[in-house]
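A.B. asks: Okay, here's the prediction I keep looking at, along with the sequence it came from:
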Amino acid sequence: MDEKLVPEPYQDFFRKTAAFLSQTVQVMNGSGKDLSMEEWKNLNHQLYEDILPENYKTSYGNPVYACEKLGEYGKDLTFLYAELRGAVVFAHEKRMWDMTVLLELFLEVYGAFSQEELPTEAELKGILCSYINDYCQDMIEERTRASVDPQVDFAARIIMDSDLTDLRYLYQFGEYITENELGAARFLNGLSQEEIDACARTYTEGYRMGFVNGRKDLSKKKTVNIRYNLGFERMVKAAILQFEEMGLKPVIFRYGAHAVNRRGMLRIGYTGAVANPQFDYDHRQDSALYMDADFVQRRLRALQTSYEKYKELAAVHAGPACIDVFGEAPFSPVSVKEAWEYSEAQQKLEIEMSNEAGQITNRYIRGDERSFTIIAYPVPEIGGNYEEIFREIVKINTLDYQLYQKIQQTIIDTLDTCEWVAVKGKGNNETNLKIHLHTLSDPKKESNFENCVADVNIPVGEVFTSPVLAGTNGLLHVSKVYLEGLQFVDLKLEFKDGKIASYSCGNFETEEENKKYIEDIILFHHPTLPMGEFAIGTNTTAYVAAEKYGIADKLPILIAEKMGPHFAVGDTCYSWSEDTPVFNPDGKEIIARDNEVSILRKEDMSKAYFGCHTDITIPYDELGSIRVLGKNGEETSIIEDGRFVLPGTEELNKPFGNKNN
């Protein structure tokens with residue numbers, strides 16, 4: 001783009017963006033089959049280099065830089081830039097329609113700046129909003145189909161047809177590739193097929209057992225959604241073959257690339273490395289550009305009509321099977337005023353849209369007929385002893401569930417004798433909570449707590465319940481915790497009648513910034529959230545391993561939640577399937593599937609769910625006590641000073657050895 005139709009400083013934006021798009025078009029037109037490993041690496045780096053941390057200060061993807069250089073157009077053009085970055089994955093997938101609409105959008109905006117008079121900011125915003133509204137139906141429909149149709153098999157074909165010992169295959173996905181993806185793939189290539197099959201079997205068998213334990217009929221289902229991070233293809237390939245033995249075909253879709261299909265920073269689907277988490281954080285609320293009541297209704301209609309079109313595929317979809325990863329360097333975001341941010345009215349609209357979208361999905365992929373499973377493995381960034389840590393995690397993922405089942409039943413039997421549990425921190429931890437449990441009308445047949453063994457939620461190691469909100473009061477405090485990949489320092493949540501009444505953390509200099517951080521990442525812009533879960537983690541083996549290798553700050557919540565008591569804010573563990581009976585291995589039914597908020601579904605579904613469930617764990621070394629409170633004021637201790645003291649649970653202290661608190 002050498003012509004001088006657009007004046008500076010805007011010409012620089014269009015020239016650089018056009019060069020980027022031209023490169024993606026070349027990728028679209030090529031096959032890449034003849035590229036060497038080094039050529040693939042160079043191409044991958046070039047496609048992502050502009051937003052990498054070392055270049056981000058002068059990237060138009062950076063809202064601060066965009067607003068500094070482009071003035072009143074900065075926020076709009078940084079949105080455009082982020083949307084156009086989807087061209088990378090569309091080019092690799094040869095998705096002509098998606099590439100075409102992006103290029104048309106770019107040319108339309110360029111044309112507006114090529115006129116004798118520059119467009120007003122409102123006119124520019126109008127072009128972008130028209131693009132969103134015009135193509136919303138098509139984008140939602142394609143996304144819906146990809147989530148249930150095994151014929152959308154771009155990723156599956158790479159996994160099943162590639163020579164996985166030739167790591168060039170990783171670059172064919174179009175995702176950003178780092179040593180994490182390459183190193184994980186190399187390590188898995190060094191394992192025997194027997195070891196690979198065993199890792200996959202832990203995951204697939206957990207999925208199958210989720211249906212068995214939930215008394216759901218897996219034979220009615222035909223597809224399973226596999227979500228994972230690149231680098232684990234050898235394990236995924238083994239899992240696909242094992243799922244096929246169950247009669248399930250794989251549905252493997254990428255996280256949303258178009259703005260209308262993104263959900264904040266969450267990457268729902270398969271993904272490569274995050275090129276720059278600050279870029280993702282800066283653009284997490286880009287939909288603020290176009291979020292209004294008309295868009296909400298348009299998006300919900302598009303979702304409804306899309307599911308109706310693919311209702312037969314949705315009806316036989318069994319749910320997600322997820323392989324999570326951990327070990328990346330912790331990320332603490334910087335909040336910038338130049339980024340798009342929801343207004344209070346938009347926050348309410350986003351909540352309304354999320355709630356209604358959940359209801360639509362549940363009508364077509366029924367919660368009482370689907371299940372899930374999730375397991376996690378480390379990536380090389382976790383440290384130099386990666387292989388040793390990986391094998392330790394395999395050990396943790398395959399602990400003797402029968403032993404844990406017996407010990408956890410002992411804890412549950414004690415918890416089921418009372419209606420109150422007190423949880424207190426120690427040292428600098430100020431936690432002081434009193435949890436109200438449901439009343440059991442028939443203790444011989446009913447229980448409040450689920451005995452969680454390694455099925456849907458791997459590894460083994462927790463008992464959990466949905467507490468009664470009324471009377472659940474006190475302070476939850478954690479010195480450091482990672483939620484959604486983001487660090488929280490000195491996090492405090494005050495509960496009154498089971499709902500968050502006040503909150504604070506110490507990440508930023510001002511109270512206002514800290515509150516916004518919590519509202520964005522934990523509250524999801526709800527004015528408050530209920531305590532949807534109270535659990536006691538029992539996996540002391542994982543806790544000791546985390547301390548041994550110094551990786552506690554890098555563990556996913558999937559493992560961290562098993563390493564002490566945890567509390568989830570948002571929906572209960574049984575959301576969308578509260579009316580489906582759930583039983584423990586001893587035959588008792590878990591009756592604590594509802595709370596005072598979720599039960600509102602019987603009157604008004606929109607008031608019952610929040611579309612979020614965030615677990616916050618108090619580690620054993622910050623835990624003073626967990627005590628059962630009897631009717632007459634007597635106390636029975638489950639944990640004291642970070643150690644299990646209830647008779648029958650002594651085995652859980654063995655991993656600690658002679659380690660002092």
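C.D. replies: Cool, the structure landed. Residues are numbered from 1 along each chain as shown.

A.B. asks: Show me the residue at the heart of the chain, geometrically.
C.D. replies: Leu266 (5.3 Å; C-alpha atoms, centre = their mean).

A.B. asks: how close does it get to Thr614?
C.D. replies: 12 Å (C-beta to C-beta, to the nearest Å). Quick note: C-beta positions are derived from backbone N, CA and C, even for glycine.

A.B. asks: Overlap in contacts, these two.
C.D. replies: Taking C-beta atoms under 8 Å, 6 or more residues apart in numbering as the criterion, Leu266 and Thr614 both touch Glu484.

A.B. asks: how about the helices of the stretch 351-500 of the chain, start to end?
C.D. replies: For the stretch 351-500 of the chain, applying DSSP state H, counting those that start in this stretch gives helices covering 386-397, 401-415.

A.B. asks: what's the closest of these to Glu72?
C.D. replies: Using C-beta to C-beta as the measure, helix 386-397 is the one of the helices of the stretch 351-500 of the chain that comes nearest Glu72, at 48.3 Å.

A.B. asks: Using PDB, write down the CA coordinates of the closest one.
C.D. replies: C-alpha atoms of helix 386-397 as PDB (Å, rounded to 0.1, in the frame of the first residue of the first chain):
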ATOM      1  CA  TYR A 386      10.100 -31.000  33.400                       C
ATOM      2  CA  GLU A 387      10.100 -34.800  32.700                       C
ATOM      3  CA  GLU A 388      10.300 -35.600  36.400                       C
ATOM      4  CA  ILE A 389       7.400 -33.200  37.200                       C
ATOM      5  CA  PHE A 390       5.400 -34.700  34.300                       C
ATOM      6  CA  ARG A 391       5.800 -38.200  35.700                       C
ATOM      7  CA  GLU A 392       4.900 -36.900  39.200                       C
ATOM      8  CA  ILE A 393       1.700 -35.500  37.800                       C
ATOM      9  CA  VAL A 394       0.900 -38.800  36.100                       C
ATOM     10  CA  LYS A 395       1.300 -40.400  39.500                       C
ATOM     11  CA  ILE A 396      -1.000 -37.900  41.100                       C
ATOM     12  CA  ASN A 397      -3.600 -38.400  38.300                       C
END
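
A.B. asks: Would you agree Thr465 is in contact with Phe449?
C.D. replies: Yes. Contact criterion C-beta atoms under 8 Å: Thr465 and Phe449 qualify, at 4.7 Å.

A.B. asks: where do the contact lists of the two overlap?
C.D. replies: By C-beta under 8 Å, 6+ apart, the residues touching both Thr465 and Phe449 are Leu415, Ile590, Ala592.

A.B. asks: Can you classify the last one by secondary structure?
C.D. replies: So that's Ala592. Put simply, Ala592 is coil when judged by DSSP: H, G, I helix; E, B strand; the rest coil.

A.B. asks: Need the mean per-residue confidence for the top strand by length along the chain.
C.D. replies: Looking across the chain with DSSP state E, the single longest strand is strand 468-483. The average pLDDT within strand 468-483 is 95.

A.B. asks: Report the buried residues of that strand.
C.D. replies: By neighbour count on 16 or more other C-beta atoms under 10 Å, the buried set for strand 468-483 is 468-469, 472-479, 481-483.

A.B. asks: likewise stretch 286-298?
C.D. replies: Asp286, Ser287, Ala288, Leu289, Tyr290, Met291, Phe295, Val296, Arg298.

A.B. asks: now those as TSV including distance to Ala122?
C.D. replies: What follows is the buried residues of stretch 286-298, written out as TSV (distance: C-beta to C-beta, whole Å):
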residue	distance to Ala122
Asp286	18
Ser287	18
Ala288	15
Leu289	12
Tyr290	13
Met291	16
Phe295	17
Val296	21
Arg298	20
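
A.B. asks: would you turn the residues you listed into CSV with distance to Lys57, pLDDT and secondary structure?
C.D. replies: What follows is the buried residues of stretch 286-298, written out as CSV (distance: C-beta to C-beta, whole Å; pLDDT from 0 to 100; DSSP: H, G, I helix; E, B strand; the rest coil):
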residue, distance to Lys57, pLDDT, secondary structure
Asp286, 20, 97, helix
Ser287, 25, 97, helix
Ala288, 23, 97, helix
Leu289, 23, 98, helix
Tyr290, 28, 98, coil
Met291, 28, 97, coil
Phe295, 32, 97, helix
Val296, 35, 97, helix
Arg298, 37, 97, helix
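
A.B. asks: Looking at the residues you listed, which one is closest to Asp166?
C.D. replies: Once C-beta to C-beta is applied, the member of the buried residues of stretch 286-298 that ends up nearest Asp166 is Asp286, at 37.0 Å.

A.B. asks: what about that closest one, distance to Ile626?
C.D. replies: 43 Å.

A.B. asks: On the strand side of things, show who the nearest residue to Ala560 once chain neighbours are set aside bridges to.
C.D. replies: Spatial nearest neighbour of Ala560, chain neighbours left out: Thr617 (5.1 Å); criterion: C-beta to C-beta, 6 or more residues apart in numbering. Partner residues in beta bridges with Thr617, using DSSP bridges, are His566.

A.B. asks: and Thr617, what does it touch?
C.D. replies: Thr617 neighbours (C-beta under 8 Å, 6+ apart): Val478, Val481, Gly537, Ile557, Ala560, Glu561, Met563, Gly564, Pro565, His566.

A.B. asks: need the contact list for the first one.
C.D. replies: Val478 makes contact with Asn429, Thr431, Phe488, Asp490, Leu491, Ile616, Thr617, Ile618, Pro619, Glu622, according to C-beta under 8 Å, 6+ apart.

A.B. asks: picking that back up, could you measure from the residue nearest to Ala560 over to Leu266?
C.D. replies: 20 Å.

A.B. asks: Helices of the stretch 1-150 of the chain, residue ranges please.
C.D. replies: In the stretch 1-150 of the chain, the helices defined using DSSP H, counting those that start in this stretch lie at 10-29, 37-48, 63-70, 74-84, 87-93, 96-113, 121-148.

A.B. asks: which other helices and strands contact the first one?
C.D. replies: Where contact means 3 or more C-beta pairs under 8 Å, 6 or more residues apart in numbering; DSSP states H and E, helix 10-29 is packed against helix 37-48, helix 63-70, helix 74-84, helix 87-93, helix 96-113.

A.B. asks: Pick the most buried one from these.
C.D. replies: Highest mean neighbour count of the helices and strands packed on helix 10-29: helix 74-84, a mean of 23 (counted as mean count of other C-beta atoms under 10 Å).

A.B. asks: got the angle between that helix and helix 121-148?
C.D. replies: On the basis of axes from the mean of the first three to the mean of the last three C-alpha atoms, to 10 degrees, helix 74-84 is oriented at 30 degrees to helix 121-148.

A.B. asks: what's the angle between helix 74-84 and helix 10-29?
C.D. replies: Here helix 74-84 points in a direction 10 degrees away from that of helix 10-29 (the same axes, to 10 degrees).
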